[in-house]
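> structure of the sequence below:
(chains A and B)
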Amino acid sequence: MNQHLSSEQIARWMTGERTPADEQHARQCRECGAELARMQAALALFRGSVREWSEQSSVEKQPVWKAEPARRRWGIQPVRWALACVVLLLLAAIPVYRNAQEKQRQAALAKADAALLEQVDAEISRAVPSTMEPLVKLVAWDPAPADREGDSGTNQKGGIIQ
Amino acid sequence: MDAMRSAASELEDFDAVVQLHRSRVFRFALASLRDRDAAETLTQDCFLRAYRARDRFRGDSSLTTWLMQIAVNLVRDQVRNRRLQFWKRTQSSAVDLELASERILDRDSSPEARALANEQLRAVWSATERLPGRQRTVFLLRFVEDMDLLEIAAATGMKEGTVKVHLFRALQAVRAQIGSRV
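Okay, the predicted model is just below:
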């Protein structure tokens, strides 16, 4: 009798890679035959228990396949698009809003500047100081032509008015 | 070429694909994770991914192998993420597993024979639980799903020789757990 089948030979046997020599040995050696049968029985039991457990679990709680998750995503797609559009619109509106505010601010500044310039012009164009304005109103001051000429600081003869 | 076309055309009726392959994917997930809820979620996820990627399936492998490839990747990710919760799922599924094991044991056999079979079954479950991830995957695909080495290689992305090595090691660990010849 040859040596018993090695652990590797038994593993090969289990995966279906048995040689004629292995088969012959298994037929002749009761111990190796029993070992192989024991392993095969254990693996068959294991396979059976996994299958039984799996079937039992499937029956208890039958999960249903739905391709709907993918379709449902199409269903909520419009909402997503709408949200995206709103966000984009808001983003686009911010510069426009800021621009409008800036324009308003500039217009207000321009208005204030114009008012200030008008005030300055008015100050400059006064004939008399503002404190004397009431007196000017009381005396209807109409300067003579000579005086008017004197405004230029010279008379007709070119002399300087004293 | 025709085989590729037929495999790709199989995906046109996706509901039929689910009907045909769901139990296999679920069983593999359940045996790998030992958590019914997680296995259901994973199965759903597997078909969802397959559904999304169905246009990219060229039929280079069979539809079963392709689906199992997705399932193997999902299981690997799941195991990586759930390593710390392992005790939780084993506790919750222990009762289910016990009941399932009871049902498959031959009621007509003697109490001694039943006890021995039960002991062997527990030993295999215990051994597979302790196997490293790749060895466990290869072992389950071979001995629960009856896939051949080439199919396992395609599903796991390993070379055939690597699959063989993992399978031998897994078998040796299982045999050691059962108890070698007396």
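> tell me the residues on chain A that lie near chain B, please.
Taking C-beta under 8 Å from any C-beta of the partner chain, the part of chain A that reaches chain B is made up of A:4, A:7-8, A:10-12, A:14-15, A:31-32, A:34-35, A:38-39, A:41-43, A:45-58, A:61, A:63, A:65, A:67, A:69-70. Where C-beta positions appear, they are placed from N, C-alpha and C, glycine not excepted.
> select from those every entry located in helices.
Residues of those located in helices (DSSP state H): A:7-8, A:10-12, A:14, A:31-32, A:34-35, A:38-39, A:41-43, A:45-58, A:69-70.
> are any of these buried, and if so which?
The neighbour-count criterion (16 or more other C-beta atoms under 10 Å in any protein chain shown) marks A:10-12, A:14, A:32, A:35, A:38-39, A:42-43, A:45-54, A:56-58 among these as buried.
> for B:Glu12, pull up the helix or strand it's in.
For B:Glu12, there is no host helix or strand (DSSP states H and E).
> number of residues surrounding it?
A count of neighbours around B:Glu12, defined by other C-beta atoms under 10 Å in any protein chain shown, yields 9.
> gap between it and B:Phe57?
Computed with C-beta to C-beta, to the nearest Å, the distance linking B:Glu12 and B:Phe57 is 11 Å.
> pLDDT value on the residue nearest to the spatial centre of chain A, please?
Central residue check for chain A by C-alpha atoms, centre = their mean: the C-alpha nearest the mean position is that of A:Val87, 8.8 Å away. Per-residue confidence (pLDDT) for A:Val87: 91.
> how about it, phi and psi?
Here the main-chain torsion angles of A:Val87 (degrees, to the nearest 10) amount to phi -60, psi -40.
> pLDDT weak spots in the chain?
Because you didn't say which chain, this covers chain A. Judged against pLDDT under 70, the low-scoring parts of chain A cover residues A:1-2, A:59-76, A:139-162.
> wait, chain B was what I had in mind.
Counting by pLDDT under 70, the ranges of chain B that qualify are B:1-8, B:82-97, B:99-101, B:106-107, B:180-182.
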